[in-house]
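S.K.: Starting from these lines, generate the structure:
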Amino acid sequence: MAKSMTASMGDEGVGGKLKAWPERVKTFYSDVRSEMKKVTTPSFKDVQATTGVVIITVFLFGVYFWVVDNTIGSGINYLFKYLTHH
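M.R.: Residues are numbered from 1 along each chain as shown. Below you'll find the predicted structure:
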């Protein structure tokens, strides 16, 4: 098993990885810069629209979880009252 691992590593041992590190870092930053050139900032209208969607969604989820919480809470309170009176 150890022989197969060293044979498969070849020049990619620890020393090879350390020697390749600066080139890999340069390639990474080059890729990051090329991808960042593709990034565009949204328009003010887009920001307003997505902000409105987020606010409405948060409100709806808040109402939903409030209803679920009250329903489960009422059910548990009813169960406790039922179990303590009998």
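S.K.: Please count neighbours and contacts with C-alpha atoms only from this point.
M.R.: Will do.
S.K.: can you list the domains in this structure?
M.R.: In terms of domains, the chain is parsed into 1-39, 42-86 (source: automatic domain parsing).
S.K.: Which elements pack onto the helix ranked longest in the chain?
M.R.: In the chain, with assignment by DSSP state H, the single longest helix is helix 44-85. Packed against helix 44-85, as judged by 3 or more Cα pairs under 8 Å, 6 or more residues apart in numbering; DSSP states H and E, are no other helices or strands.
S.K.: coming back round to it: please produce TSV containing the domains of the chain, extended by mean neighbour count.
M.R.: Listed next are those as TSV, based on neighbours: other Cα atoms under 10 Å:
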stretch	mean neighbour count
domain 1-39	10
domain 42-86	11
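S.K.: ok, of these, where does mean pLDDT dip lowest?
M.R.: Of all these, mean pLDDT reaches its minimum on domain 1-39 (a mean of 76).
S.K.: For the helix or strand hosting Ala20, list the C-alpha coordinates in CSV.
M.R.: Element membership for Ala20 (DSSP states H and E) is helix 14-36. The C-alpha atoms that make up helix 14-36 are tabulated as CSV, following Å, rounded to 0.1, in the frame of the first residue of the first chain:
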residue,chain,number,x,y,z
VAL,A,14,5.7,17.5,-0.2
GLY,A,15,8.7,19.2,-1.9
GLY,A,16,6.9,19.3,-5.3
LYS,A,17,3.8,20.8,-3.7
LEU,A,18,5.9,23.5,-1.9
LYS,A,19,7.8,24.4,-5.1
ALA,A,20,4.5,24.7,-7.1
TRP,A,21,2.9,26.8,-4.4
PRO,A,22,3.9,30.3,-5.7
GLU,A,23,2.8,29.5,-9.2
ARG,A,24,-0.5,28.2,-7.9
VAL,A,25,-1.0,31.4,-5.9
LYS,A,26,-0.3,33.5,-9.0
THR,A,27,-2.7,31.5,-11.0
PHE,A,28,-5.4,31.8,-8.3
TYR,A,29,-5.1,35.6,-8.1
SER,A,30,-5.0,35.9,-11.9
ASP,A,31,-8.3,33.9,-12.0
VAL,A,32,-9.8,36.0,-9.3
ARG,A,33,-9.0,39.2,-11.2
SER,A,34,-10.4,37.9,-14.4
GLU,A,35,-13.6,36.9,-12.7
MET,A,36,-13.9,40.2,-10.9
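S.K.: Please consider this matter closed, and thank you.
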